[in-house]
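Q: structure here, sequence nowhere to be found:
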């Protein structure tokens, strides 16, 4: 009967030792996962910041392009209205100018 008691106690201690060893392994794995998660969060934050900066740059470029297009359209309108007034006076020719005055 004493043998069974000692055998049972030995089994309990062996199981407790095994679970404590496995718990330490699990805690180490958990710490590694936490460290990796922290690194990934940092990378995500950096990527989001980079994306926001790229979006701001893109918006700035789009605004510049829009302003340039508006300026070009305005200049075209001004040139066509100014060109329409002076069109009667202007002669465009590919040939050499003649020696005879008009």
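A: Looks like it arrived, so ask away. All figures in this text were calculated on a predicted structure; none of them were measured in a lab.

Q: any weak-confidence spans in this structure?
A: 83-102 (pLDDT under 70).

Q: helices of that one, start to end?
A: Along the chain, counting by DSSP state H, helices occupy 2-86.

Q: most centrally placed residue in it?
A: The centre of the chain sits closest to residue 51, judged by Cα atoms, centre = their mean, with a distance of 2.4 Å.

Q: mind checking how far it is from residue 24?
A: Using Cβ to Cβ, to the nearest Å, one gets 41 Å for the distance from residue 51 to residue 24. (C-beta placed from N, C-alpha, C; glycine too.)

Q: again with residue 55
A: Residue 55 is 46 Å from residue 24, by Cβ to Cβ.

Q: same thing with residue 9?
A: Plainly put, residue 9 is 23 Å away from residue 24 if you go by Cβ to Cβ.

Q: residue 10 too?
A: Counting by Cβ to Cβ, the gap from residue 10 to residue 24 is 21 Å.

Q: one more: residue 56?
A: Distance from residue 56 to residue 24, by Cβ to Cβ: 48 Å.

Q: one more: residue 65?
A: Counting by Cβ to Cβ - residue 65 and residue 24 are separated by 61 Å.

Q: do the same with residue 67
A: For residue 67, the distance to residue 24 - Cβ to Cβ - is 65 Å.
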